[in-house]
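J.: next comes the sequence, and after it the predicted model I'd like to discuss.
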Amino acid sequence: MKLLKLFILFLSFPILAQQGGMWVPSMLEGMNESEMQQLGMKMTAEDIYDTNTSSLKDAIVHFDGGCTAEIISPKGLLLTNHHCGYDAIQNHSSIEHDYLQDGFWAKSQNEELPNPKMVATLIVSIHDVTNTVLEGVSQLTSEAEKQKKIQENSNRIQKSFPKESWQENKIKTFYEGNQYLLFVTETFKDIRLVGAPPSSIGKFGSDTDNWVWPRHTGDFSIFRIYADKNNKPAEYSKDNVPYTPKHFLPISLDGISEGDFTMVFGFPGRTQEYLPSFAVEQIINTLNPAKIEIRDAALKVQDGFMRKDKAIKIQYASKYARIANYWKKWIGESQGLKKSDAVQLKKDFETEFQKRVVAQGKQDTYGNLLSDFEKNYKAINDYALARDYFIEVVYRNTELLNVGFRLYQLEQIYKTKGEQAFNDRKENTVKSLENFYKDFNVNVDKQVFEKLIALYGQKSPLIPTEFKTMDYGKTTDEIYSKSKLTSYKNLQSLLSGEASKVIKALHKDKGYQLVKKLADNFYENISPKYDAIDLEIGGLQRDYMKAQLELFPDGRFFPDANSTLRITYGQVKGYHPSDAVYYETSTHLEGVMEKYIPGDYEFDVPAKLIELYKTKNYGPYAENGKIPVCFIATNHTTGGNSGSPALDANGNLIGLNFDRVWEGTMSDIHYDPEICRNIMVDIRYVLFIIDKYAGAENLIDEMQMVHPKKSTKK
Ligand code: ARG
Ligand code: ASP
């Protein structure tokens, strides 16, 4: 049975088109195009990606580095998630105008709010530069030399590759180092906030509903790209004008039904679909449990304070959501990997792999790959775990240690680059920490520290012995009463004066001393060894990928996500999360009302929305008298796909991707088409909120609504 399942994954010509995978849009012709058409797509590969005429890709934007957004009007209107625009919305908020709480709607273009530093990147063209990048690499023996050569070649290609003066380019590796693609891009730097619903719509269900289906969140916000008068990227200026795109997405009002073709076009961040079983075991048994335990402790402390104190709740809401997001994901991921027997499936595949190596007489090239993996994963275990402890405790979840670590880096800059570089960096650090301290509560962080330092000391391998035997309570009291890192004022005084004086003062600070011990230990005893083994593993992973492509010529291999533009496609489809339970594809406003808890910070519903629900004031957005809210499909997505458009068979916008279902969170490591689903806001809910809730008809008027199923245009 298991073997059967495995071979279905690798069957050559499927009877029914297969699903899963994130594909490069410039390489869809052939296998993908025909699969997509089998699934119901009515377009060609060229309609999706073309460099001669406009195509769908001209409407897809890498939003501020981490999310996706799409252009939905001829005037550069951008749609993305509420959680992707969250920081911008928060930055524009104050007690008088709390846009997180109440929402924000610009009634005209001059009310749109600029966001310094926010960027939106379009892909101009994609080019295969593999041969040039790998020139002179195969004859080198060590991994380090190979990587160095690859870097040199890439730098050279990037410098000489033809592009316009306002464009950039970058090279990314695919198939674990077996393919290199160059992307010519255009980055817009004047992006303004246009609209956002209140959090009670945009973040409805918050952390309780995060990663969960059925879902009822209107997770969207709206921005606009501005360009100079030649329609080119430019820094913010009030003379800039709305960008005229090569393509913008028409919006379908016809809705979806089970079985419909859908595709998601965006910038998935990172997947690891080709790990050997040893790596997956390590994630399930060692790394995920440690990270979960640390975050669990931090979250409990923060939650306790947030429930008692409203000011702390505001200060920590965004931080809490960030920590909780991956905490919850790792729990779901481990559960899903276990339930789907991912390790055994990998092992079965490895047995078959080894058989084929022998059958084809390739023992010399590939015969030792699996045993080398096993050796290296054993060797890296403690270093990987110690590294995760350092990152989670020092860098991500204890605020005082995070500040201390930034100062540690400052000291390194002084040592390596001198006084001037030190002063520049110091100025930046001091500036950026001002905002940080506004949301810092010393009592919260003190308790987090005490819990986390104890976990770190007792459980991390490769930690200096004094941390194992330390009196954690006493250390905590001492640091939080004496260190200058606990307030902005003290920090400023600590950092005032010339470099040598600052360094001396730092060395006397109790908090800094502790960070320095941990960071020195990390850079001396953990990171060099980790990096060295990781480099070897990277080389093995490249060879393993190459071997799989050779030995399974009919296999359906897609390159792991790497924050580049990808297409993933599938069908609107429900699923069985557990025995006797079936989840349907769509949720409705009725479900929002079922979850409604008046005054609750996760499940409150705005009065105006309740009113619209009662009067059924739905305009053209309802289906059978109900407002659709979210839906699911088999598109294979990951972090970074948030804000990506969900498109119908003709390339019209039908939804906005924002999450995945609980049972399928393991899809970054093992995609199972039976239960992995992505979650999208139905575009009709977005329009309903913009039109009926916010009354922002000005925005609706900019968009182009279509009725593909009725084939009439409004
Ligand atoms: N899980 C989704 C993603 O990974 C949504 C996260 C934002 N929502 C939240 N409650 N933290 O980004
Ligand atoms: N919520 C994720 C994001 O922000 C999407 C996902 O992981 O499915 O990109």
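T.: Arrived safely, thanks for sending. Numbering: from 1, shown residues only. Ligands and ions are numbered 1, 2, ... in the order given.
J.: residues near S221, how many?
T.: Using other Cβ atoms under 10 Å, S221 has 28 other residues around it. C-beta: built from backbone N, CA, C; applies to glycine.
J.: same check, this time on the one 5 residues further on
T.: Other residues within reach of Y226 by the criterion other Cβ under 10 Å amount to 26.
J.: the helix or strand it falls within vs ligand 1: in contact?
T.: In this assignment (DSSP states H and E), Y226 forms part of strand 221-227. No - shown here: strand 221-227 not in contact with ligand 1 (Cβ under 6 Å from any ligand atom), separated by at least 12.3 Å.
J.: give me the helices and strands touching that strand, please.
T.: strand 77-80, helix 82-91, strand 179-188, strand 190-196, strand 241-242 (3 or more Cβ pairs under 8 Å, 6 or more residues apart in numbering; DSSP states H and E).
J.: least reliable of these by average pLDDT, please.
T.: Lowest mean pLDDT within these: helix 82-91, a mean of 92.
J.: and that one, which residues are buried?
T.: Residues of helix 82-91 classed as buried: 82-86, 88-89 (neighbour count, 16 or more other Cβ atoms under 10 Å).
J.: closest one to ligand 2 among the helices and strands packed on strand 221-227?
T.: Closest to ligand 2 of these, according to Cβ to the nearest ligand atom: helix 82-91, at 6.3 Å.
J.: so which elements touch the closest one?
T.: Packed next to helix 82-91, using 3+ Cβ pairs under 8 Å, 6+ apart, are helix 99-102, strand 190-196, helix 199-202, strand 221-227, helix 310-339.
J.: any chance of JSON lines for these, columns distance to F183?
T.: Conversion of those to JSON lines gives the following (distance: least, Cβ to Cβ, whole Å):
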{"stretch": "helix 99-102", "distance to F183": "34"}
{"stretch": "strand 190-196", "distance to F183": "20"}
{"stretch": "helix 199-202", "distance to F183": "31"}
{"stretch": "strand 221-227", "distance to F183": "18"}
{"stretch": "helix 310-339", "distance to F183": "27"}
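J.: K362 is nearest to which of those?
T.: Closest approach to K362 among the helices and strands packed on helix 82-91 (Cβ to Cβ): helix 310-339, 29.6 Å.
J.: briefly note if the closest one comes near ligand 1.
T.: Yes - Helix 310-339 reaches ligand 1 (Cβ under 6 Å from any ligand atom) through 321, 325.
J.: show me what counts as buried in that helix.
T.: 312-317, 319-320, 323-337.
J.: for burial, what's the neighbour tally of the nearest residue to A106 once chain neighbours are set aside?
T.: Using Cβ to Cβ, 6 or more residues apart in numbering and skipping the chain neighbours, the partner closest in space to A106 is E112 (4.5 Å). Per other Cβ under 10 Å, the neighbour tally for E112 reads 20.
J.: pretty sure E112 is touching A196, no?
T.: No - between E112 and A196 there is no contact under Cβ atoms under 8 Å: 11.8 Å.
J.: show me what counts as buried in stretch 160-169.
T.: 167, 169.
J.: typo on my end, stretch 370-383
T.: Neighbour-count burial for stretch 370-383, counted by 16+ other Cβ under 10 Å, picks out 370, 372-373, 376-377, 380-383.
J.: need phi/psi at V394.
T.: When read as degrees, to the nearest 10, the backbone of V394 gives phi -80, psi -50.
J.: state the pLDDT value of it.
T.: V394 carries a pLDDT value of 98.
J.: tell me the contacts of the closest residue to it other than its chain neighbours?
T.: Excluding its sequence neighbours, the residue lying closest to V394 (Cβ to Cβ, 6+ apart) is L401, at 4.5 Å. Counting by Cβ atoms under 8 Å, 6 or more residues apart in numbering, L401 touches 393-395, 449, 511, 514-515, 518.
J.: nearest to ligand 1, of the residues you listed?
T.: Y395 (19.3 Å).
J.: so how far is E550 from that closest one?
T.: Y395 sits 40 Å away from E550 when distances are taken as Cβ to Cβ, to the nearest Å.
J.: also K431?
T.: 53 Å.
J.: can you give me phi and psi for F63?
T.: phi -100, psi 110.
J.: whoops, V581 was the one
T.: Per-residue torsions, V581: phi -110, psi 130 (degrees, to the nearest 10).
J.: pLDDT score for the residue nearest to A106?
T.: pLDDT, E112: 98.
J.: swap in the one 10 residues further on?
T.: You'll see L122 listed with a pLDDT of 98.
J.: ok, for it, nearest residue in space, not its chain neighbours?
T.: E186 (4.9 Å).
J.: residues contacting that neighbour?
T.: Contacts for E186 (Cβ under 8 Å, 6+ apart) come out as 121-122, 124, 166-168, 232-233.
J.: tell me the spacing between it and ligand 1.
T.: Distance, E186 to ligand 1, using Cβ to the nearest ligand atom, to the nearest Å: 26 Å.
J.: residues of this structure that sit close to ligand 1?
T.: Proximity of the chain to ligand 1 (Cβ under 6 Å from any ligand atom) is limited to residues 83, 206-207, 210-211, 321, 325, 639, 642, 658-659.
J.: show me which of the residues you listed is closest to Q19.
T.: For these, with Q19 as the reference and Cβ to Cβ as the criterion, the closest is D659, at 18.3 Å.
J.: correct me if wrong, but the closest one is in a strand.
T.: Yes - assignment of D659 by DSSP: H, G, I helix; E, B strand; the rest coil places it within a strand.
J.: so what's it up against?
T.: D659 touches 210-211, 215, 217, 219, 642, 678-679, counting by Cβ under 8 Å, 6+ apart.
J.: what bridges to it?
T.: I679 (DSSP bridges).
J.: give me the pLDDT for it.
T.: pLDDT for D659: 98.
J.: same deal with I95?
T.: With respect to pLDDT, I95 scores 79.
J.: where does pLDDT dip in this protein?
T.: Along the chain, the parts satisfying pLDDT under 70 run over 1-17, 711-714.
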